[in-house]
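Undergrad: need a 3D model of the sequence below.
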Amino acid sequence: MKLTMLGTGSALVTHCYNTCYILEDKGELFMVDAGGGNQVLSQIERAGYDWKNIRHIFLTHKHIDHLLGALWMTRMICQHMRQGQYEGDAYIYSHREVLDLLSDMAEKLIQKKDTAFIDKRLHFVEVKDGDSFEIIGHNVTFFDILSTKAKQFGFCLEMEDGKKFTCCGDEPLNEEREAYAKGAKWLLHEAFCLYSQADIFKPYEKHHSTVKDACELATKLSVENVLLYHTEEKNLDNRKELYTKEAKEYFSGNVYVPEDLEVIEL
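TA: Down below sits the predicted model:
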């Protein structure tokens, strides 16, 4: 099983792509979020994938840096279904607010001859807190992260070794949801900036974490590997070195600060 980061940046980045990624296992693909536009199609291609092979997409929440790429995926999937160039079905998972918004945008912005395939072969699947689905051969449990901003879901995927792969979305993991990440083999957690630069980037005003915050949580929950993403881009050239150095002050496990298109073996 491997993870390919299509993008690693926060909402307003211009020199990297917004945070989204692909999980691959035995040739099956599961994309989490889609970034803020049709560049997601370029990122998928640069990563060596064919977008037609992505049959499962999960959208954490409605913010445009996570959602708008899914509108392009919807258009491409439906159009190619109509043209007889897309075999089988596809699935987009999210909570009801996101699915209704995506459906509304599709109806207004995509031709009706294409949106006719929504709910027939392109399935919008509502997830509720605690719901589990089998996706790319793994049990995936979705959970409401109890966001103070837009309603948002994360997920916990059961790996083949029985350990947990937990994605918290792009906000700090709420204490009431820590059970989903406790003892996890992998914790994917946002780290908007370095703690040493919190006065510059003001992460707490945006309800985001610093590297220090994310790594203290990983230590508290006895996580094996922590992956930090959804960052600012002012430190992009030396982000990996700077973030890893600060992370190691608060977490003794493995730290990953990926670049766009980086592949990580899970």
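
Undergrad: you'd agree residue 239 is in a helix?
TA: Yes - counting by DSSP: H, G, I helix; E, B strand; the rest coil, one finds residue 239 located in a helix.

Undergrad: residue 190 and residue 209, how far apart?
TA: Look at residue 190 and residue 209: by Cβ to Cβ, to the nearest Å, they are 6 Å apart. In short, each C-beta sits where N, CA and C put it, glycine included.

Undergrad: and for residue 234?
TA: 17 Å.

Undergrad: common neighbours of residue 190 and residue 209, please.
TA: 171-172 (Cβ atoms under 8 Å, 6 or more residues apart in numbering).

Undergrad: comparing residue 234 and residue 209, which residue is more hemmed in?
TA: More crowded of residue 234 and residue 209, by other Cβ atoms under 10 Å: residue 209, with 27 against 13.

Undergrad: these two touch, right, the more buried one and residue 194?
TA: No - taking contacts as Cβ atoms under 8 Å, residue 209 lies outside contact range of residue 194: 10.9 Å.

Undergrad: where do the strands sit along the stretch 101-250 of the chain?
TA: 122-126, 132-135, 138-144, 153-158, 164-167, 186-190, 225-229 (DSSP state E, counting those that start in this stretch).

Undergrad: can you lay out these as JSON lines showing mean pLDDT, mean neighbour count and distance to residue 1?
TA: Shown next, in JSON lines, are the strands of the stretch 101-250 of the chain (pLDDT from 0 to 100; neighbours: other Cβ atoms under 10 Å; distance: least, Cβ to Cβ, whole Å):
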{"stretch": "strand 122-126", "mean pLDDT": "98", "mean neighbour count": "17", "distance to residue 1": "22"}
{"stretch": "strand 132-135", "mean pLDDT": "98", "mean neighbour count": "14", "distance to residue 1": "12"}
{"stretch": "strand 138-144", "mean pLDDT": "98", "mean neighbour count": "19", "distance to residue 1": "8"}
{"stretch": "strand 153-158", "mean pLDDT": "98", "mean neighbour count": "22", "distance to residue 1": "9"}
{"stretch": "strand 164-167", "mean pLDDT": "98", "mean neighbour count": "25", "distance to residue 1": "8"}
{"stretch": "strand 186-190", "mean pLDDT": "98", "mean neighbour count": "25", "distance to residue 1": "10"}
{"stretch": "strand 225-229", "mean pLDDT": "98", "mean neighbour count": "25", "distance to residue 1": "13"}
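
Undergrad: distance to residue 82 added to those strands, as JSON lines?
TA: Below are those laid out as JSON lines (distance: least, Cβ to Cβ, whole Å):
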{"stretch": "strand 122-126", "distance to residue 82": "11"}
{"stretch": "strand 132-135", "distance to residue 82": "25"}
{"stretch": "strand 138-144", "distance to residue 82": "29"}
{"stretch": "strand 153-158", "distance to residue 82": "30"}
{"stretch": "strand 164-167", "distance to residue 82": "33"}
{"stretch": "strand 186-190", "distance to residue 82": "35"}
{"stretch": "strand 225-229", "distance to residue 82": "35"}
